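> Here you go, sequence then predicted model.
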Amino acid sequence: MTTTPTILVAGDTLVDFVPRHPGSPSDAGGYEPTFGGSGANAAMALDRLGIPPLCWTRLATDELGAFLQEYFAASNIPSELLVTDEDARTTVSLVTHDADRGPSFAFYRERGADTRLQQGNVSDDTLKSVSWVHTTGVTMSIEPSRSATLELQSRAADHCTVSLDPNWRPEMWHSTHEFRAVIRGALSDVDVVTATPDELSVAGFEADEPAELARAVANEGPHTVVLTLGDAGAFCFGTHDSPVTGQAQHEGYDVDPVDTTGAGDAFLAAFIGSLTHGVRDPDRALAIANAAGAVATTRAGAVTALTGPDALRQFHDDIPWLS
């Protein structure tokens, strides 16, 4: 039996075509379609961790859209905010892996359903019913989804915690200047930011140390800043307004990655799950988040390896919603 969702994830849903082998498309050995999208991955990761959220997204009615709908139908995510669009197509991402299984993406978004979010689909009553709204920079990269996401952040800020993953994808934006203006303009309505130092550099934040960089972002409005640092793990900083006041760095876990696509979304889902289940120690929150990120890399596809909350226990056994 599932509980009433207390988290709302707003964002893109698309199909990732994941290669069997690293290298150029000619060396890929074929591609497998998998469920994807920055927002949808975070929502599905939450569901597979045992914390099903609401998910506001837009889905085409083509065959790939039906493929995505099957994933939602098999989940515990309610369907009330899964908007269908008969005039749209499903956005496709062609994934290329380097030798370390790190992904790069080529997006095909013309008339993509994820680019066509509309204002007003999420009611004030819905925002009053949740404690957390998560958003992604992917839907902030193009209109009308940009205005719809910004409007949601603004209204949600009056009711609950708002988080943002800037998710810098240069091919989605007209310029770095546009990305910087849009992301920084949104920070006054955002409480929690999760990003890489490179993404924050594009957004105009420069600092030599993680703590200095996190404080620079917090000065723009957010009370909690999480930096994902690759092989160095992750860093968390919270102001006195944050539920995880103070700072910590967790080195992460050693894995032999099969596919790192979606690892950041899984990390984010577990971090949100931790904070919404009472975790106040930043090191513990990062340990749980890094465990989810590590699990996500062990199979191809963004959320394939997240088969349930128990999957985290191979790396970290202190999971608050399993206690």
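Perfect, I can see it now.
> which residues touch the nearest residue to residue 289 once chain neighbours are set aside?
Once flanking residues are discounted, residue 289 sits nearest to residue 271: 3.9 Å by C-beta to C-beta, 6 or more residues apart in numbering. Heads up, the C-betas are built off the backbone N, CA and C, glycines and all. Each residue near residue 271 by C-beta atoms under 8 Å, 6 or more residues apart in numbering is listed here: 194, 226, 285-286, 288-289.
> Next one: residue 271 from residue 162, what distance?
Distance, residue 271 to residue 162, by C-beta to C-beta, to the nearest Å: 14 Å.
> Can you name the element that comes right after the one helix or strand the residue nearest to residue 289 maps to?
In this assignment (DSSP states H and E), residue 271 forms part of helix 263-276. Using DSSP H and E, the helix or strand that follows helix 263-276 in sequence is helix 282-296.
> ok, back up a step: and the furthest pair within the contacts of residue 271?
Greatest spatial distance in the contacts of residue 271: 194 and 288, 13.8 Å, computed using C-beta to C-beta.
> so where do the strands sit in the stretch 151-300 of the chain?
161-165, 192-195, 224-228, 234-238, 246-250 (DSSP state E, counting those that start in this stretch).
> Turn those strands into CSV, columns for mean neighbour count.
Formatted as CSV, the strands of the stretch 151-300 of the chain follow (neighbours: other C-beta atoms under 10 Å):
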stretch, mean neighbour count
strand 161-165, 25
strand 192-195, 26
strand 224-228, 26
strand 234-238, 25
strand 246-250, 17
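> Next, count neighbours for residue 86.
9 (other C-beta atoms under 10 Å).
> isn't it right up against residue 61?
Yes - with contact defined as C-beta atoms under 8 Å, residue 86 counts as touching residue 61 (5.1 Å).
> Spatially central residue for the chain, please.
With distances taken as C-alpha atoms, centre = their mean, residue 265 lies nearest the centre of the chain, 3.9 Å away.
> burial measure for the spatially closest residue to that one that is not a sequence neighbour, as a count.
Leaving aside its chain neighbours, residue 265 sits nearest to residue 41 (3.6 Å; criterion: C-beta to C-beta, 6+ apart). Per other C-beta under 10 Å, the neighbour tally for residue 41 reads 32.
> Likewise for residue 121?
16.
> What of the one 4 residues further on?
Using other C-beta under 10 Å, residue 125 is surrounded by 7 other residues.
> separation between it and residue 155?
11 Å.
> likewise residue 121?
Residue 121 is 12 Å from residue 155, where distance means C-beta to C-beta.
> Same question for residue 34.
Distance from residue 34 to residue 155, by C-beta to C-beta: 33 Å.
> how about low-confidence regions in the stretch 151-300 of the chain?
For the stretch 151-300 of the chain, the stretches with pLDDT under 70 are 259-262, 300.
> The stretch 1-150 of the chain too?
Applying pLDDT under 70 to the stretch 1-150 of the chain flags residues 1-3, 99-102.
> what about 90?
Filtered on pLDDT under 90, the stretch 1-150 of the chain yields the residue ranges 1-5, 16-32, 34, 94-106.
> And the strands in it?
With DSSP E, counting those that start in this stretch as the criterion, the stretch 1-150 of the chain has strands spanning 7-10, 14-19, 31-36, 54-60, 82-85, 92-97, 103-108, 132-136.
> Which elements pack onto the fourth one?
Put plainly, it is strand 54-60. Using 3 or more C-beta pairs under 8 Å, 6 or more residues apart in numbering; DSSP states H and E as the contact definition, the elements that strand 54-60 packs against are strand 7-10, helix 38-48, helix 63-73, strand 82-85.
> again, only this time at 6 Å
Applying 3 or more C-beta pairs under 6 Å, 6 or more residues apart in numbering; DSSP states H and E, one finds that strand 54-60 contacts strand 7-10, strand 82-85.
> Same question for the last one.
Secondary structure elements in contact with strand 132-136, counted by 3+ C-beta pairs under 6 Å, 6+ apart, are strand 7-10, helix 145-156, strand 161-165.
> Could you list the residues in contact with the last one?
Surrounding strand 161-165, the residues in contact under the criterion C-beta atoms under 6 Å, 6 or more residues apart in numbering are 132-136, 153, 156, 189-194, 268.
> a markdown table please, covering these and showing distance to residue 236.
Below are the contacts of strand 161-165 laid out as a markdown table (distance: C-beta to C-beta, whole Å):
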| residue | distance to residue 236 |
| --- | --- |
| 132 | 16 |
| 133 | 20 |
| 134 | 16 |
| 135 | 19 |
| 136 | 19 |
| 153 | 21 |
| 156 | 22 |
| 189 | 21 |
| 190 | 16 |
| 191 | 14 |
| 192 | 10 |
| 193 | 11 |
| 194 | 9 |
| 268 | 12 |
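> ok, and which of the helices and strands packed on strand 54-60 has the densest surroundings?
strand 7-10 (a mean of 28; mean count of other C-beta atoms under 10 Å).
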